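Engineer: coords please:
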Amino acid sequence: QVRLVESGGGLVQAGGSLSVSCTVSGNFYSINVMHWYRQAPGKERELVATVGGGGRPTYAHSVKGRFTISDIVNGNTVYLQMGSLKPEDTAVYYCNGDIRTDWRSSRSYDHWGQGTQVTVSS
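Structural biologist: Numbering: from 1, shown residues only. A predicted model of the protein is given here:
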C-alpha cells in the first residue's frame, strides 16, 4: 500500500515564508509526477505546482514567482517552498502522486495525501 504524508503546515503572517513536504512510503516502484494542490474553504481544489514527467516544474499563475516546488528528492519526497505569502494562500495543501507500484508494469496510479493546513494571517 502506498501512503503520502504531508507535513510542515502552520500559521504564518502575510509576507512570510513556509515550506511543506510530502513523503511517499510503502510498496511502490517509482514516482512519475508529483503535484501540490490546495483547497480553501468553500472553494474547489486547485492545482498549485507540478514536478516530474521529464519536464520543467509548472505553477499556477497565482503562485508563480512566489512558490517553488522541489525535484523529487531521494525518490520519495517533494517540497513546496512558499514565499511572499498572502491571506488568500490560506488553504489545506494536498500532495498528489502518479505512482508506479510494480516494476513489471508501466501502469501508474493516483494517490493523495491527507493534507496539511496553511494559514496566512493579515
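
Engineer: Please report how far the residue in the chain sticking out farthest from the centre lies from I72.
Structural biologist: Largest separation from the mean C-alpha position in the chain: R104, at 27.2 Å (Cα atoms, centre = their mean). Going from R104 to I72 by Cβ to Cβ, to the nearest Å gives 22 Å. The way it works is simple: take the backbone N, C-alpha and C, and place the C-beta from them, glycine included.

Engineer: now L80
Structural biologist: 12 Å.

Engineer: who has more neighbours, these two?
Structural biologist: L80 (27 against 20; other Cβ atoms under 10 Å).

Engineer: That one touches G9, doesn't it?
Structural biologist: No - L80 is not in contact with G9 according to Cβ atoms under 8 Å; the separation is 10.2 Å.

Engineer: what residues do the two have in common as contacts?
Structural biologist: Counting by Cβ atoms under 8 Å, 6 or more residues apart in numbering, the shared contacts of L80 and G9 are 20, 93.

Engineer: Which residue ranges of the protein form strands?
Structural biologist: For the chain, applying DSSP state E gives strands covering 2-7, 10-13, 18-26, 30-39, 46-52, 55-59, 67-69, 77-82, 91-100, 108-112, 116-121.

Engineer: partner residues bridging the residue sitting nearest the centre point of the chain?
Structural biologist: Residue closest to the mean C-alpha point of the chain, counted by Cα atoms, centre = their mean, is W36 at 2.7 Å. Beta-bridge partners recorded for W36 (DSSP bridges): A49, C95.

Engineer: and the gap between it and P57?
Structural biologist: 10 Å.

Engineer: same question, G42
Structural biologist: Looking at G42 against P57, where the rule is Cβ to Cβ, the gap reads 28 Å.
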